[in-house]
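S.K.: need a 3D model of the sequence below.
(one chain, ligands or ions: 1)
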Amino acid sequence: MTPLCAHLKAQIARTGPISVAEFMATCLLHPEHGYYSTGHPIGRRGDFVTAPEISQMFGEMLGLALAQSWMDQGAPEACALVELGPGKGTLMADVLRTIRAVPGFAEAVQVHLVEASPSLKAAQHQALQGTPAQWHDTVDTLPGDLPVFLIANEFFDALPIRQFQRAENGWRERQIGLHEAELSFGLSAPAPLAALDHRLDDTKPGDLVETCPAAHPILQTIGARIEANGGAALIFDYGDWRSLGDTLQAIRKHETVHPLSAPGDTDLTAHVDFEALVRDLPCAHSRLSTQGVVLERLGITQRAQSLAEGLDAEALENHIAAHRRLTHPGEMGTVFKSIALFPSRGAPPPGYEQ
Ligand code: SAH
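M.R.: Residues are numbered from 1 along each chain as shown. A predicted model of the protein is given here:
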């Protein structure tokens, strides 16, 4: 039994079942035993591989999209370059290297990283190799008076979700309790829930829907700053326009395992409901596209061809596989989606459609 499993069992025995959100938050961010607090989960040797760990081309395309957006908005002399949940820091390092080729942009940006895990903060510090940066625990302390150019890859899927099963007369919340002294899923008594009224039209009794209460305030803060000061946000994650069904997933060493099997030792994620993410935003948002389409529009294939020129047999094979993995429909190309935020008086960043 993991230390966190013992902690959760004792807590539930004392105070009763907990929501899926509380379970996820504890498993991922418990200061001592949480998944992101303890180890280095990302990369080939970790539990999962993310797009920037697959190829530098991912960060290069995002860097160029942000740089073009900065130029389209009159090349402001000072702005914040922000990443939410930077993991090992690879994506920000690739973006910074890319934007050095754009006159004025690298000099204009202050780097701000929003990261909850102390051990990943240390990894990011190392990846940035001396580039000055400020770390934040939440978006609330980001500078309020600068244009914001923001990237977030696989950040929103790590935020805790609540799950509700539709009943005849209301919704039952899925909870984690104890059954024969083991952690097990159960359901609360049904209750009406105004926040899910809009799901009464597309669900029937028995269906399960998810909400992500932490995402909305984060996007309200970012959206308000983009609208007031300018900037853009490029958000990549797996999910869809609207979620339906149980998408809570636990991954360990690249394999799917039961979410209750090893609390604190597995990565827990849920698909992102992009419709809920951008609801009531104070700024404009693009249409939702697939990751493959956005990367193609940004020129990843031309970049892949030019990088391929200097490679020998094995490196070339890996490079071709990485391009395929990022863009191909059978791989990350369609499961991952992307949406951009931008000021309502402006146009979407390159790669995105209004
Ligand atoms: N963007 C990176 C890592 C994705 S993993 C990549 O593409 O490789 C999710 C990241 O979000 C980790 O850095 C994790 O520590 C961070 N994170 C998760 N929940 C968070 C929260 N509530 N606040 C801030 N950071 C969080």
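
S.K.: so who does Gln129 touch?
M.R.: Residues near Gln129 by Cβ atoms under 8 Å, 6 or more residues apart in numbering: Ala93. Every C-beta, even on glycine, is put in place using the N, C-alpha and C of the backbone.

S.K.: in a helix, it, correct?
M.R.: No: the assignment for Gln129, made by DSSP: H, G, I helix; E, B strand; the rest coil, is coil rather than a helix.

S.K.: helices along the stretch 201-350 of the chain, start to end?
M.R.: 215-229, 274-277, 291-297, 300-308, 313-327, 334-335 (DSSP state H, counting those that start in this stretch).

S.K.: most neighbours per residue, which of those helices?
M.R.: Between the helices of the stretch 201-350 of the chain, helix 291-297 has the highest mean count of neighbours, a mean of 22, where neighbours are mean count of other Cβ atoms under 10 Å.

S.K.: how about the residues of the stretch 1-150 of the chain by the ligand?
M.R.: Neighbours of the ligand within the stretch 1-150 of the chain, by Cβ under 6 Å from any ligand atom: 28, 36, 42, 50, 52-53, 85-87, 91, 114-117, 120.

S.K.: now, which of those lie within helices?
M.R.: Leu28, Tyr36, Pro52, Glu53, Leu91, Leu120 (DSSP state H).

S.K.: for the helix or strand of the chain with the lowest mean pLDDT, packing partners?
M.R.: One helix or strand of the chain scores below all others by mean pLDDT, DSSP states H and E: helix 35-38, with a mean of 85. In terms of contacts (3 or more Cβ pairs under 8 Å, 6 or more residues apart in numbering; DSSP states H and E), helix 35-38 is packed against helix 20-29, helix 118-127.

S.K.: check which residues of the last one are buried.
M.R.: It refers to helix 118-127. The neighbour-count check on helix 118-127 (16 or more other Cβ atoms under 10 Å) flags Leu120, Lys121, Ala123, Gln124, Ala127 as buried.

S.K.: from these, which is closest to the ligand?
M.R.: Closest approach to the ligand among the buried residues of helix 118-127 (Cβ to the nearest ligand atom): Leu120, at 4.6 Å.

S.K.: am I right that that closest one is in contact with Thr38?
M.R.: No: applying Cβ atoms under 8 Å, one finds Leu120 not in contact with Thr38, separated by 10.4 Å.

S.K.: tell me the helices in the stretch 51-200 of the chain, going along the chain?
M.R.: Along the stretch 51-200 of the chain, counting by DSSP H, counting those that start in this stretch, helices occupy 51-54, 56-72, 90-99, 105-108, 118-127.

S.K.: pipe these into JSON lines and attach mean pLDDT per row.
M.R.: Conversion of the helices of the stretch 51-200 of the chain to JSON lines gives the following (pLDDT from 0 to 100):
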{"stretch": "helix 51-54", "mean pLDDT": "96"}
{"stretch": "helix 56-72", "mean pLDDT": "98"}
{"stretch": "helix 90-99", "mean pLDDT": "98"}
{"stretch": "helix 105-108", "mean pLDDT": "97"}
{"stretch": "helix 118-127", "mean pLDDT": "93"}
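
S.K.: who wins for proximity to Glu331 among these?
M.R.: Between Glu331 and these, the tightest spacing by Cβ to Cβ is seen for helix 51-54, at 9.5 Å.

S.K.: format the helices and strands packed on helix 35-38 as CSV; extra columns: distance to Gly46.
M.R.: Formatted as CSV, the helices and strands packed on helix 35-38 follow (distance: least, Cβ to Cβ, whole Å):
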stretch, distance to Gly46
helix 20-29, 14
helix 118-127, 11
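
S.K.: measure how far the least confident helix or strand of the chain is from the centre of its chain, please.
M.R.: 16 Å (Cα atoms, centre = their mean, to the nearest Å).

S.K.: quick check: pLDDT value at the residue lying closest to Pro348 once chain neighbours are set aside.
M.R.: Leaving aside its chain neighbours, Pro348 sits nearest to Ser286 (4.3 Å; criterion: Cβ to Cβ, 6 or more residues apart in numbering). Looking at Ser286, its pLDDT is 98.

S.K.: and whatever residue of the stretch 201-350 of the chain ends up closest to the ligand, what's its pLDDT?
M.R.: In the stretch 201-350 of the chain, the residue that lies nearest the ligand is Ala214 (6.5 Å; Cβ to the nearest ligand atom). Listed pLDDT for Ala214 reads 96.

S.K.: hang on, it packs against Asp157?
M.R.: No: taking contacts as Cβ under 8 Å, Ala214 lies outside contact range of Asp157: 11.9 Å.

S.K.: which one's more surrounded, those two?
M.R.: Asp157 (23 against 16; other Cβ atoms under 10 Å).

S.K.: on that earlier part again, as TSV, the helices of the stretch 201-350 of the chain with distance to Gly16 would be great.
M.R.: Converted to TSV, those look like this (distance: least, Cβ to Cβ, whole Å):
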stretch	distance to Gly16
helix 215-229	26
helix 274-277	28
helix 291-297	41
helix 300-308	50
helix 313-327	44
helix 334-335	36
